[in-house]
Every structure is written in C-alpha cells, then in structure tokens.
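Peer 1: I'd like to go over a predicted model; first the sequence, then the structure.
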Protein chains: 2
Amino acid sequence: MKVQKCPLITNPHDPRFRSLRFLQTPRGRSETGQYVIEGIRHLARAVHQQASIQSVFFEPSVLVNPFGQKLARQLRRRGVPAMRLTLSLYMRLTLAAEPQGIGATLRQQWTTTSRLHVGPNTIWLALESIESPGNLGTIIRTAEAAGVEGIFLLGEQGDPYHPAAVRASMGSLFAQRLIRCSVREFADWARSNGVCIVGSSPGGLMDYKGLRYSWPAALLVGSEKKGLSELATETARFVVRIPMHGHCDSVNVAVATGVVLFEMSSQRAIP
Amino acid sequence: MKVQKCPLITNPHDPRFRSLRFLQTPRGRSETGQYVIEGIRHLARAVHQQASIQSVFFEPSVLVNPFGQKLARQLRRRGVPAMRLTLSLYMRLTLAAEPQGIGATLRQQWTTTSRLHVGPNTIWLALESIESPGNLGTIIRTAEAAGVEGIFLLGEQGDPYHPAAVRASMGSLFAQRLIRCSVREFADWARSNGVCIVGSSPGGLMDYKGLRYSWPAALLVGSEKKGLSELATETARFVVRIPMHGHCDSVNVAVATGVVLFEMSSQRAIP
C-alpha cells in the first residue's frame, strides 16, 4: 500500500512529532500560522474546500476505514508530505474519543477587511472575546449554516484554530472567511460599506423578532461572561434581546447566536 | 465563624469523601438518586428553587466570596449537614476552572407522566439519546428560557445529573420537570393529552418557520450522531427542518433545539 511508504516516527523527541504537538499550543499556532485537524470527516472536508494542507499524519492500525485510507493515498499522490506515527505517539496527539487514525496540519486562513466584497444582501458576524473554544467552533458551524459571509474576531481573544474549536466547527472553519481586527476597524468597515450592525445582548431593548433587519447586516455578539463591551455596543445601530422565560437571564452564547442568525437568515429569504 | 464548626475531612479514604466522589460516577448517581453541584451561583439557585439539598461541602481558603460564605452559614443554620474538605481533597473533586470553594449534594428530582398537568398553551420537549452531557445541560438551560414545561428523556441514555450537564444547565436543572420514559410511553401521554408532537431533523420536510404550531406542543429531538430513531419519528405529526446554507447538513443539537424552541415560543406569544 502506497501510504505506508513514508517515515515512521517512533520517538516523542523527534522534531516532526514535536512540531505537531507545538501546533496544539497557542504559541505554536501563532508562531507558525498553522494548525492541526483530526479525523476522516474533517480531512475530507478540508480537501473538498481546498484548504491549504501542509502535511498528513496517520497510524495504520487505527486507520481502518477504507475511505480514510483512500484519502491518505490521494494526498500522498498529490505530494503532500506524510508521516506515520506509532500508536503511542498517535494517542498522545489525539483528542478524539474514538480516534480514526488520521490528521493533518493546515495553514490558517485569515483575510482582511480590504479584501471583503460586501454584497447588498449579505449577513456578517462579529464576535467579541468568546472564551470557550467549543462555543467558538459551534458558532462557526452555525454561521455557515445560516449563510454568514465572514466572521470578525474583535480583539486578541478567541482562537478559531484551537483544537476544540476546530472539532466543534465540524469543517465549517475551512469554508469561512475570518478577519481578526479591532472594534474600531470593524466599525469603520461597516460604516464605509453600509453594513447595519445589530448587537445581541440580554440587556437589548428590542425583541430580536420585532426588528426588520436591513441589509447588509452584521450581528455582533459578546463574551460568555461579560457580554458586549461598551465600546462594541456603541457601534451597533440596534441591540436586540431574546425574550426569556423562567429564571434565565441568558442562554449559551452559541445558542443565542444561532437563534438570532436564523431569524436574520429567514427574514432575508423573504423579500 | 459558624460555618467552620463542622467535620474536616483530610483523608481521601474517608467514606464521606468517597461518597462525594461516588456521585461523580454514573453508578453512584443511579444507586443513590443523588448528584453533586458546585459553585456559588449553582448553589444559590438551588436554594432559591427549593431543590432538595442533602449536604454541603466547602474549603474555607477557596471560599472567599462573602455571598458564598453567607450561603454556607444559611444552609448550616437550617440544619443541612456540612463538611470541610482540605484543599487537596477539594481540588480532586472540583471540575471548575476557577473553583469557588463550595458545593452540595442534592436529591435528583424525577416526575412521571401521570403527575403532569398539561395546560392548553404549553410547550414540552422530548430528547432521544443526547450523547454529550454538555449539550444536554445547554438544552435544559435553553428549554427553561423558551418556557418549556417539562423535558422527557426517552430511553436510558442522557444523564441530566452528569456533572458536565449540571454545569452547562446553569441552574435551570433545578426548575425543570424531568421525566424518564420510553418512546411509547411518551407517545401515549401525548395522545391522551392532545399534545402535538413535532420532530426536528435535518431530513424534515417542512421549514420550521413555515409550520403553524398547534398547542399544546412537544418538540422531539434526536441524538447528535444518529438523529431521531424511526420509532420516535413515527410518533411525530410533523417533522421540521432548519434550512441550511453552505455545506452544512446540520448544526449542533443544542443550537438546533434553541432555534426551533424559540420559534415555537414566539408563535405562542402571538395569539
């Protein structure tokens, strides 16, 4: 089998293995601009979306799925550098409950406000300091499903390439335009492109269903604990809230983002 | 300070400490019918909701928040058995990233279909085999916020008293009616009470927004990986889907549940 013709890494101090582990740290990701993905579904989606795959790694005894094996062969034929890991090294690397024996390193894909095309009918999303990588990944997945054109990450917090974010995004990460910028830069972009910023906050004055959203629009969401900062709130034309029953004052940030995004998405569908 | 007058547990083999650890296991919870909660916010909510608190435990050097200290004193004055843990034992127990030094054991509260009152305008939720306790807890929180009257857990899977579910529910667990029963029992209850069962599935034929929900209604949701079983699907009068953009065929189960529940909730609000 062709896929077996590649270096076997057996030593945890091997620089190739250490570089994989390094990508699981914030410093590793920021210094290299790369990240790690795992699992057949994620890798297949990365190939399909033409994500920039730098290398592939696998453990043949775990990689028993024929589709996964085929994927590994395809990538090798294209000249993507490959390495085999021993079972013990692979298990050190994997975060999956049921490891599938394959993963890859990819180049992060960031874009800038100047490269965005703002169509007349588009939805955008801006996130301020989402703390949990799982929530961030779930939001990225939800955003693709709701037809969001691009996601702004305001400030330094929130790493979409964190392994838990990658997992939760279920491959939506590869399809999404990501922009890291300041609140001010986001506000300037919105103003100069006629984008209506709508904040979402438990303290918002309007019911999220009551608003006739105008397009293009950007939904602005704050962190789990602190919500939107004052600075970010000031950039919004409206701030909406989801009406709550019981003793709840809020719902999970990914759920709240989904509820408002799908409302926006459905209003846009009906001209 | 009164709260300090209670046994100090120093030995990990002390049966009182072992019984706390036991409640962190599925077997411990099922054998005792109890569970563990942690943190000031959760405990305050449990007190507020008059949840059945069996004992309280704390670590004085970590419990520095005056409100938390007051809560511990209040519970002791009411005669709730209390114990102090050494820092090392407390740290073995806690799952919190920023432990607050206090927790409690509670009695699980399950109800049965025969004890439910089905008002004419009510919303119910039925979950089939939710796998991730974090998703389950997030759904319980969302359900309270959307005004759900009670949650059916169909079959044996999905433990709402799993520590990760308790955490994610943010206290909504204490307010919620929980019923564990079979799909058949749920269907019988719905039929005899005139409850319209609406399934949610990526393969549903109707847009979730296009349906005029009739009341009382129960939303029926399946597991993360497998969705709704055929048996469960057959109990539904309608099966709705959330329309998806991009390459997504689904969103996270807690997000999907939130999106449909808040649509139902808002339709009910407008007579």
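Peer 2: Thanks, I have it.

Peer 1: what about residue A:266, neighbour count?
Peer 2: The criterion is other CB atoms under 10 Å in any protein chain shown. On that basis, residue A:266 has 18 neighbouring residues. Quick note: C-beta positions are derived from backbone N, CA and C, even for glycine.

Peer 1: then residue A:243?
Peer 2: The criterion is other CB under 10 Å. On that basis, residue A:243 has 15 neighbouring residues.

Peer 1: tell me the SS of it?
Peer 2: coil (DSSP: H, G, I helix; E, B strand; the rest coil).

Peer 1: got the domain boundaries for chain A?
Peer 2: A:2-107, A:113-269 (automatic domain parsing).

Peer 1: how big is the angle separating the longest helix anywhere in chain A from helix B:253-269?
Peer 2: Using DSSP state H to assign secondary structure, the helix with the most residues in chain A is helix A:253-269. Angle, helix A:253-269 to helix B:253-269, by axes from the mean of the first three to the mean of the last three CA atoms, to 10 degrees: 60 degrees.

Peer 1: quick one, strands of the stretch 151-271 of chain A?
Peer 2: Using DSSP state E, counting those that start in this stretch, the strands found in the stretch 151-271 of chain A span residues A:178-181, A:196-200, A:206-207, A:217-221, A:238-241.

Peer 1: ignore the last one, the stretch 1-150 of chain A
Peer 2: If you assign secondary structure with DSSP E, counting those that start in this stretch, the strands in the stretch 1-150 of chain A sit at A:8-9, A:34-38, A:53-58, A:82-85, A:102-107, A:123-128, A:148-154.

Peer 1: dump the third one to PDB, keeping only the CA atoms.
Peer 2: Taking only C-alpha atoms (Å, rounded to 0.1, in the frame of the first residue of the first chain), the coordinates of strand A:53-58 have been written out as PDB:
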ATOM      1  CA  ILE A  53      -3.000  21.100   3.700                       C
ATOM      2  CA  GLN A  54       0.700  21.200   4.700                       C
ATOM      3  CA  SER A  55       1.200  17.600   5.900                       C
ATOM      4  CA  VAL A  56      -0.700  14.500   6.800                       C
ATOM      5  CA  PHE A  57      -0.100  12.000   9.600                       C
ATOM      6  CA  PHE A  58      -1.600   8.700  10.300                       C
END
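
Peer 1: show me which positions of that strand end up buried.
Peer 2: Of all the residues in strand A:53-58, those buried under the rule 16 or more other CB atoms under 10 Å in any protein chain shown are A:53, A:55-58.

Peer 1: up against chain B, what does the stretch 51-200 of chain A have?
Peer 2: Contact residues, the stretch 51-200 of chain A versus chain B (CB under 8 Å from any CB of the partner chain): A:134, A:138, A:141-142, A:144-147, A:168, A:170-172, A:175.

Peer 1: nearest to chain B among the buried residues of strand A:53-58?
Peer 2: Checking the buried residues of strand A:53-58 against chain B with CB to the nearest CB, the nearest one is residue A:53 at 17.1 Å.

Peer 1: skipping adjacent residues, who's closest to the closest one in space?
Peer 2: Nearest in space to residue A:53, with sequence neighbours left out and distances taken as CB to CB, 6 or more residues apart in numbering or on different chains, is residue A:104 at 5.2 Å.

Peer 1: residue A:6 reaches residue A:76, doesn't it?
Peer 2: Yes - between residue A:6 and residue A:76 a contact is recorded at 7.0 Å, counting by CB atoms under 8 Å.

Peer 1: overlap of the contact sets of these two?
Peer 2: Here residue A:6 and residue A:76 have residue A:82 as joint contacts, going by CB atoms under 8 Å, 6 or more residues apart in numbering or on different chains.

Peer 1: what about the helices in chain A?
Peer 2: In chain A, the helices defined using DSSP H lie at A:15-22, A:26-32, A:40-48, A:66-77, A:87-93, A:133-145, A:163-169, A:183-192, A:230-235, A:253-269.

Peer 1: give me the below-cutoff pLDDT ranges for the stretch 151-271 of chain A.
Peer 2: By pLDDT under 70, the weakly predicted segments of the stretch 151-271 of chain A are A:269-271.

Peer 1: rerun that using 90 as the cut-off
Peer 2: Low-confidence segments of the stretch 151-271 of chain A, defined by pLDDT under 90, span residues A:157, A:175, A:224-225, A:246-250, A:268-271.

Peer 1: hmm, residue A:149 is touching residue A:123, no?
Peer 2: Yes - taking CB under 8 Å as the contact criterion, residue A:149 and residue A:123 are neighbours in contact, 6.4 Å apart.

Peer 1: so these two - more neighbours on which side?
Peer 2: With other CB under 10 Å as the criterion, residue A:149 and residue A:123 differ in neighbour count, and residue A:123 comes out ahead with 25 against 18.

Peer 1: tell me how many other residues surround residue A:11.
Peer 2: In terms of burial, residue A:11 registers 11 neighbours under the definition other CB under 10 Å.

Peer 1: tell me the contacts of it?
Peer 2: Taking CB under 8 Å, 6+ apart as the criterion, residue A:11 is in contact with residue A:17.

Peer 1: please tell me how far it sits from residue A:18.
Peer 2: When CB to CB, to the nearest Å is the yardstick, residue A:11 and residue A:18 sit 10 Å from each other.
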